[in-house]
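Asker: need a 3D model of the following:
(2 chains)
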2 protein chains.
Amino acid sequence: MEDTNRQVLLKRRPTGMPKPEDFAICDGPVPDLQEGEVLVRGIYLSLDPYMRGRMSAARSYARPVDVGAVMEGRVVGRVVRSRAPSVGEGEYVLGGYGWQLYSAVPARSLTKLDPNEAPLSAALGVLGMPGLTAYVGLAEIGRPLQGETVVVSAASGAVGAVAGQLARRAGARIVGIAGGADKCGYVESELGFDACIDHRSADLGGALDRVCPNGVDVYWENVGGPVQQAVFPRLNDFARMVMCGMVSEYNDLEPRPGPNLMAAVRKRLRIQGFIVSDAWQRIGEYRAMAAPLVRSGELKYREDIVEGLDQAPEAFIGLLQGRNFGKLLIKLGDDPAATA
Amino acid sequence: MEDTNRQVLLKRRPTGMPKPEDFAICDGPVPDLQEGEVLVRGIYLSLDPYMRGRMSAARSYARPVDVGAVMEGRVVGRVVRSRAPSVGEGEYVLGGYGWQLYSAVPARSLTKLDPNEAPLSAALGVLGMPGLTAYVGLAEIGRPLQGETVVVSAASGAVGAVAGQLARRAGARIVGIAGGADKCGYVESELGFDACIDHRSADLGGALDRVCPNGVDVYWENVGGPVQQAVFPRLNDFARMVMCGMVSEYNDLEPRPGPNLMAAVRKRLRIQGFIVSDAWQRIGEYRAMAAPLVRSGELKYREDIVEGLDQAPEAFIGLLQGRNFGKLLIKLGDDPAATA
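Answerer: Prediction:
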């Protein structure tokens, strides 16, 4: 065990797109444990678009990270010390905290992981928060019906890939939107979408018309910006717009105008946002459904694993620019399953 | 019985705000009856904001009125001739059609009215389409809870007055928005809203802050424009925006931008539109609930009755400008109850 704890801190609040200088990398102390806590040595850190919101002081659904504090994030790791009877040293857990190698966390906040059930990293992606996000948004808002057309933006990403595949299992026709030929090819041939459009197309609206001849019944919104502008007028009567995120606008200094909402009346649209943490109690139900599909290969996923905590700021900036390809993870330490 | 049928036709499609010259008043023939039809002599014609949409050729949820055709509208009247065994001459009915004195309509499309149960005119307002609109929008989208704050725009209007009063019956705090001191006074003192704001206030946002210290949980959208802009940022987490109409924008030549939808994610907003005709099967349920409240005076309403079909174009233009005060009706003929 190291005797220092490598950490990435928020050095200053970014203006627009974050820069590497907005973060500080330092070696802090390995934390002491209180009674009931365990020390988790991280193996994988999840990087997700929502973290951009935490870097800003603006009011949002969660407290911002303080300047000078460790960046927020979820970690899969191994328990290396325990002051809780319920969790033993050597156990694998979801629930480490922050962009750092070591975290002291209450044992009751942890989820134990069985490396034989699924790869450890899946607990941060297809079987974790992003997968649950897709599941909850479809179940509570999107509700795709047999034969409907579902359009998913950021379709090769951690949430979009699951949202599309679950919508297909409900009998919908699924159309992805992704950035570049490689991602579009993957979405069509690996994830099994009926079509995938490159959002960099000169004529995104025309491309949508070609692959959605019957319009759009469910739009899974991950990106905002010009993609939203192209999809919105193509929503059908009674369409649902699942408002999950608008990552292309997270670095805007001023909010852009949105669509005129009279269409919501005329077309009886339902435009609804949600935050997965409100539905965290459904994680067990989701994993019970999804884990067998992951093991059988019916629910596919792709990870983009970057080695080393020091690379986290650059990788996170790339995530906001769409440079990742699949669920972005930082590898913090050895994964016994991956190296076995 | 007259031997001609006074009618108001759509002479041309308006550009922006309709003008009297967009309508033509003429004397057509009293229609002949097919088997199964009755001839209805109108007593009241309902004028409603949705009719502006029918005057345009643009795609909407219903067919536009053809140029040269009779303007669309609902009429309460008396059967003066019948070729249907189920409806006799002299009966009072809801279901006459159009801006005209006489209409031939299938007997099965009529609702018989008992003038002793409620005033005939109520079937076009508080106990008719506008009342059902309020009921359905609250039941299916707004769902106000005890102690929540509900803001209703166009609060003195046919829909808004019922929406607010029903929300209060659900235990909500109700705040109206209306145009001018007379309407605001009526909304507060007669309809029993907790407060009413004049939308012409120089500082609408500040006024909202004062009367909605806990933010807005349900916004009943009838008007769009600057009122929408003032209410939207004041929506609470999990707020519902009942998209019923945006009358202040119906004459726009180009749609205005709407709000940035990232707020829908952050605040888990539900922004949902509806059209009352989709829920017409609930009219019986609504009337069974509302008619006793109207009779007991617990559900209040106000009518703005304009005499004579020839006044309909000017009255309709006034409706789009907010000049009416209460449910706007054109009186086409003698109401036996009113004159009794």
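Asker: so A:R200, which state does it fall into?
Answerer: Using DSSP: H, G, I helix; E, B strand; the rest coil, the structure places A:R200 in coil.
Asker: residue contacts, A:I283?
Answerer: For A:I283, the contact set (C-beta atoms under 8 Å, 6 or more residues apart in numbering or on different chains) comprises A:T111, A:G128, A:L132. C-betas here are computed from N, CA, C, even on glycine.
Asker: go again with 7 Å.
Answerer: By C-beta atoms under 7 Å, 6 or more residues apart in numbering or on different chains, the contact set of A:I283 is A:L132.
Asker: now do the helix or strand harbouring it: distance to the chain's middle.
Answerer: Element membership for A:I283, per DSSP states H and E: helix A:283-296. Centroid separation between helix A:283-296 and its chain, computed with C-alpha atoms, centre = their mean, to the nearest Å, is 17 Å.
Asker: buried residues, that helix. List them.
Answerer: Buried residues in helix A:283-296, defined by neighbour count with 16 or more other C-beta atoms under 10 Å in any protein chain shown: A:I283, A:Y286, A:R287, A:A290, A:A291, A:L293, A:V294.
Asker: quick check, the fourth one in contact with A:P130.
Answerer: No. Counting by C-beta atoms under 7 Å, no contact exists between A:A290 and A:P130, whose distance comes to 11.2 Å.
Asker: list, one by one, the residues from chain A near chain B.
Answerer: Within reach of chain B by C-beta under 7 Å from any C-beta of the partner chain, chain A has these residues: A:60-61, A:224, A:243-246, A:249, A:255-262, A:264-275, A:278.
Asker: and the residue of chain A that's closest to chain B?
Answerer: A:P257 (3.1 Å; C-beta to the nearest C-beta).
Asker: show me what contacts that residue?
Answerer: B:P257, B:G258, B:N260.
Asker: where does the stretch 201-340 of chain A have low pLDDT?
Answerer: A:337-340 (pLDDT under 70).
Asker: state the distance from the spatially most central residue of chain A to A:V70.
Answerer: Using C-alpha atoms, centre = their mean, the residue of chain A that lies closest to the mean C-alpha position is A:P130, 4.3 Å off. Separation of A:P130 from A:V70 (C-beta to C-beta, to the nearest Å) stands at 22 Å.
Asker: any idea how chain A splits into domains?
Answerer: A:4-123+A:303-339, A:129-277 (automatic domain parsing).
Asker: tell me which of those domains sits nearest to B:I330.
Answerer: Ranking the domains of chain A by proximity to B:I330 (C-beta to C-beta) places domain A:129-277 first, at 24.8 Å.
Asker: quick one: buried residues of stretch A:117-125?
Answerer: For stretch A:117-125, using 16+ other C-beta under 10 Å, the buried residues are A:A118, A:P119, A:L120, A:S121, A:A122, A:A123, A:L124, A:G125.
Asker: helices along the stretch 201-340 of chain A, start to end?
Answerer: A:204-211, A:225-231, A:262-266, A:283-296, A:312-320, A:336-339 (DSSP state H, counting those that start in this stretch).
Asker: distance to B:K183 added to the ones you listed, as CSV?
Answerer: Below are the helices of the stretch 201-340 of chain A laid out as CSV (distance: least, C-beta to C-beta, whole Å):
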stretch, distance to B:K183
helix A:204-211, 43
helix A:225-231, 37
helix A:262-266, 23
helix A:283-296, 50
helix A:312-320, 49
helix A:336-339, 69
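Asker: ranking those helices by burial, who's on top?
Answerer: Stretch with highest mean neighbour count among the helices of the stretch 201-340 of chain A: helix A:262-266 (a mean of 22; mean count of other C-beta atoms under 10 Å in any protein chain shown).
Asker: distance between that helix and the chain's centre?
Answerer: Distance of helix A:262-266 from the chain centroid (C-alpha atoms, centre = their mean) equals 30 Å.
Asker: cool, and stretch A:137-146?
Answerer: Worked out by C-alpha atoms, centre = their mean, stretch A:137-146 lies 19 Å from the chain centre.
Asker: pLDDT averaged over it, what's the number?
Answerer: Per-residue pLDDT values across stretch A:137-146 average out to 98.
Asker: in that stretch, which residues are buried?
Answerer: Here stretch A:137-146 shows A:G137, A:L138, A:I141, A:G142, A:R143, A:P144 as buried, counting by 16+ other C-beta under 10 Å.
Asker: give me the subset of these lying in helices.
Answerer: Of those, the ones assigned to helices by DSSP state H are A:G137.
Asker: need the buried residues of stretch A:137-146 in TSV (columns: distance to A:T4).
Answerer: Listed next are the buried residues of stretch A:137-146 as TSV, based on distance: C-beta to C-beta, whole Å:
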residue	distance to A:T4
A:G137	40
A:L138	44
A:I141	45
A:G142	46
A:R143	50
A:P144	49
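Asker: quick revisit: in helices, which of the buried residues of stretch A:117-125 appear?
Answerer: Checked against DSSP H, the buried residues of stretch A:117-125 include nothing in helices.
Asker: just those residues now: which is nearest B:Y301?
Answerer: Proximity of the buried residues of stretch A:117-125 to B:Y301 was ranked by C-beta to C-beta; the top entry is A:G125 with 56.2 Å.
Asker: ok, and what's touching the helix or strand containing A:Y135?
Answerer: In the assignment (DSSP H and E), A:Y135 maps to helix A:129-137. Contacts to helix A:129-137, defined as C-beta under 7 Å, 6+ apart, come from residues A:74, A:125, A:158-159, A:162-163, A:166, A:220, A:242, A:244, A:274, A:276, A:279, A:282-283, A:286, A:290, A:327.
Asker: which ones among those residues are found in strands?
Answerer: Of the contacts of helix A:129-137, the ones assigned to strands by DSSP state E are A:R74, A:W220, A:V242, A:K327.
Asker: bridging residues for the third one?
Answerer: A:V242 has these beta-bridge partners by DSSP bridges: A:W220, A:Q272.
Asker: three-state assignment of the nearest residue to A:S156 once chain neighbours are set aside?
Answerer: Excluding its sequence neighbours, the residue lying closest to A:S156 (C-beta to C-beta, 6 or more residues apart in numbering or on different chains) is A:K183, at 4.2 Å. In three-state terms, and counting by three-state DSSP, A:K183 is helix.
Asker: one more: the one 3 residues further on?
Answerer: Assigned with three-state DSSP, A:Y186 falls in the helix class.
Asker: surely it is in contact with A:S156?
Answerer: Yes. Taking contacts as C-beta under 7 Å, A:Y186 lies within contact range of A:S156: 5.7 Å.
Asker: out of these two, which sits in the more crowded spot?
Answerer: In this view A:Y186 and A:S156 are compared by other C-beta atoms under 10 Å in any protein chain shown, and A:S156 has more residues nearby, 30 against 22.
Asker: what's near enough to touch the more buried one?
Answerer: A:A178, A:K183, A:Y186, A:V187, A:F325, A:G326 are the contacts of A:S156 under C-beta under 7 Å, 6+ apart.
Asker: wait, isn't the second one in contact with A:R323?
Answerer: Spelled out, it's A:K183. No. Shown here, A:K183 and A:R323 do not form a contact pair, counting by C-beta under 7 Å, at 10.8 Å.
Asker: so which of the two has more stuff around it?
Answerer: A:K183 (24 against 14).
Asker: for A:A155, see how far away the more buried one is.
Answerer: Distance from A:K183 to A:A155, by C-beta to C-beta: 8 Å.
Asker: please apply the same query to A:M1.
Answerer: With distances taken as C-beta to C-beta, A:M1 is found 41 Å from A:A155.
Asker: when the two are compared, which one has more neighbours?
Answerer: Taking other C-beta under 10 Å, A:M1 and A:A155 do not tie; A:A155 has more neighbours (30 against 9).
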